[in-house]
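Enquirer: sequence plus predicted model, see below.
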Amino acid sequence: MQYLLLIYNAESASPKPGTDEFGKLLAGYTAFTEEVQSKNIMLGANALQPLSTATTVKVRNGKTECIDGPFAETKEALGGYYLLDVETLDEAIEYAAKIPTAEFGSIEIRPIMVWDK
Amino acid sequence: MLVPIHKAIEDINRKERGRILAALISHLKDFELAEDSLQDALIEALQAWPAKGLPDNPAAWLIQTASRKAIDKIRRNTNFAEKQKQLQLIAELEQYGASNEMDNSIPDERLRLIFTCCHPALKENIRVALTLQTLGGLTTSEIARAFLIPEPTMAQRIVRAKRKIKVANIPYRIPDESLWKERLTSVLTVIYFIFNEGYSSLEGESLLRKELIHEAIRLARMLKDLIPHEQEISGLLALMLLHDSRSDARVAKDGSLITLENQDRTSWNRLQIDEGISLLLSAMAKGNIGVYQIQAAISAIHAQASSYSETNWQEITLLYEKLYALQPNPIYRLNACVALSMFKGPEQGLSALNILQAHGVLETYQPFYVVKAELLRKIYKTDDAKKAYKKAIALTNNEIEKKHLIIRSESLY
């Protein structure tokens, strides 16, 4: 079963580069990434550029509309993700709780859709 | 025939539904498929049993028949990819259906079912509805009526929850040690919620509210049988039995609530009190005392007291303090002050309240001002009491309670 772990946090609340907190956060992410890699359950992961770089696209009546900004303007924004392959939702929750940002942001878990061949 | 077959089928469905469904879900790994197949099996029973008579083990018959129905459903599924995945399942099911062990014992899978229904990835009100619908004997329509929600809304919530269990792959298993405490707490919370929904609200149909109380007690008994070593389960069961022993005494003929102080203690259910107390004693003897055991102990003290004033308030004060230490809910603190005032007098109660106020924890807590007003009233500090009532009224949203407080305040001279 594949799960996408989406990392949400308020950009303003994130530790700033150069501070001790930032160093700790980075070390936390390195450790987490190494853990899921070594267990062979990580299928992909990326950090995202800040919210200000986001574009939302929708098509209405055949016309493509772009909106400068994220889908919903909320304080907490998608900052990155891990795509993990684990057995059940319980394991996905367990790993989500280990992502360092879980301590000040939120992690959304989305089961990956399996398409019929 | 003495018992009409359809009545027998209805009885079996009500009493054994949880076990049958739990066994089916365990094999099918799909709530909806399990329920639909059971429904089909029940319809077949309605046709087959009147001619052939009741099978020796109706529950086993229903599981076997439902498994066959499920195989048919899977085979009819046009979705090829999914079918491939389920071929294995069909093979297992066929073997399961053919085995003779079935007649002797159906493995009890209800624990796995209740832990899945009470999974934290589901909203709390959904956990409650799902538990009642799968493990309890209530229909969706009864659950909807009990919670004063339109039936289609409730049905939709339940369907969505079952889909989420399937799509997100919420595990169908008994949690391991690392999750045990948290998940058991969630199950107990759901059961106690069901109980309170029946016990605390005076709205809605009284028969259904009684039904909720009985379901909660039944679920706790089931859980206790399946997990005998967890004392908090006994604690919760004892707590519910003790509270429920006063059910008849707490409602007046006109439907209004009678407080503990004014209840006719001879109409309390002694059998239930005895069972509650003996359960509690054997649980507490093992040490490791939790919040449900403490609340049951408080309820037990009331149950044993000959009157409100002759109650062991000192012990109750200590128990509320202990409860607050384990679960810092301000209502426990407040109850400790009330209990203290009952054996040390209102002045002592008030000075305990003032200490609480000085800590600032209860500044905007409505019940705090109600208690304060009532204690001030007892020592004839009319002006201060009126001030406390005023504050309490300002913090009250419930119109009935607001009215009650205004009457209390205006009756002061």
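Expert: Looks like it came in fine.

Enquirer: next helix or strand past the worst-scoring helix or strand of chain B on mean pLDDT?
Expert: Within chain B, confidence by mean pLDDT, DSSP states H and E is lowest for helix B:80-98 among all helices and strands, at a mean of 66. Scanning forward in sequence from helix B:80-98 by DSSP states H and E, the next helix or strand is helix B:110-117.

Enquirer: may I have that next one as CSV, with CA atoms only?
Expert: Provided in CSV are the C-alpha atoms of helix B:110-117 (Å, rounded to 0.1, in the frame of the first residue of the first chain):
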residue,chain,number,x,y,z
ARG,B,110,-15.0,-8.9,17.5
LEU,B,111,-11.9,-7.4,19.1
ARG,B,112,-10.4,-6.7,15.8
LEU,B,113,-13.6,-5.2,14.6
ILE,B,114,-14.0,-2.9,17.6
PHE,B,115,-10.4,-1.6,17.3
THR,B,116,-11.0,-0.9,13.6
CYS,B,117,-14.3,0.9,14.3
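
Enquirer: so what touches the helix or strand that that helix is followed by?
Expert: Moving toward the C-terminus from helix B:110-117, the next helix or strand (DSSP H and E) is helix B:124-134. With contact meaning CB atoms under 8 Å, 6 or more residues apart in numbering or on different chains, helix B:124-134 is reached by B:17-18, B:21-22, B:31, B:113-114, B:117-119, B:122, B:138-140, B:143, B:147, B:154, B:157-158, B:160-162, B:186, B:189-191, B:193-194, B:197, B:212, B:215, B:219. Backbone N, C-alpha and C define where each C-beta goes, glycine included.

Enquirer: what helix or strand is residue A:84 on?
Expert: Mapping residue A:84 onto the secondary structure by DSSP H and E places it in strand A:76-85.

Enquirer: packing partners for that strand?
Expert: Strand A:76-85 sits against strand A:2-10, strand A:42-47, helix A:89-98, with contacts defined as 3 or more CB pairs under 8 Å, 6 or more residues apart in numbering or on different chains; DSSP states H and E.

Enquirer: again, only using 7 Å
Expert: Under the contact criterion of 3 or more CB pairs under 7 Å, 6 or more residues apart in numbering or on different chains; DSSP states H and E, strand A:76-85 touches strand A:2-10, strand A:42-47.

Enquirer: right, and the helix or strand after the shortest one?
Expert: Proceeding C-terminally, strand A:42-47 gives way to strand A:55-60 as the next helix or strand, assigned by DSSP H and E.

Enquirer: and if you look at the first one?
Expert: Beyond strand A:2-10 in the direction of the C-terminus, DSSP H and E gives the next helix or strand as helix A:20-38.

Enquirer: which strands and helices lie in contact with that next one?
Expert: Packing partners of helix A:20-38 (3+ CB pairs under 7 Å, 6+ apart): none among the helices and strands.

Enquirer: same question for that helix, mean pLDDT?
Expert: Helix A:20-38 shows an average pLDDT of 94 in the prediction.

Enquirer: residue contacts, the residue of the stretch 301-413 of chain B found nearest chain A?
Expert: Residue of the stretch 301-413 of chain B nearest chain A, by CB to the nearest CB: residue B:328 (22.0 Å). Contacts for residue B:328 (CB atoms under 7 Å, 6 or more residues apart in numbering or on different chains) come out as none.

Enquirer: for the residue nearest in space to the middle of chain B, which residues are in contact?
Expert: Residue closest to the mean C-alpha point of chain B, counted by CA atoms, centre = their mean, is residue B:191 at 2.4 Å. With contacts defined as CB under 7 Å, 6+ apart, residue B:191 is in contact with B:216, B:219-220, B:236.

Enquirer: identify the residues contacting the helix or strand bottoming out on mean pLDDT in chain A?
Expert: Confidence across the helices and strands of chain A bottoms out at strand A:63-68, with a mean of 78, counting by mean pLDDT, DSSP H and E. Taking contacts as CB under 7 Å, 6+ apart, the residues outside strand A:63-68 that touch it are A:55-58.
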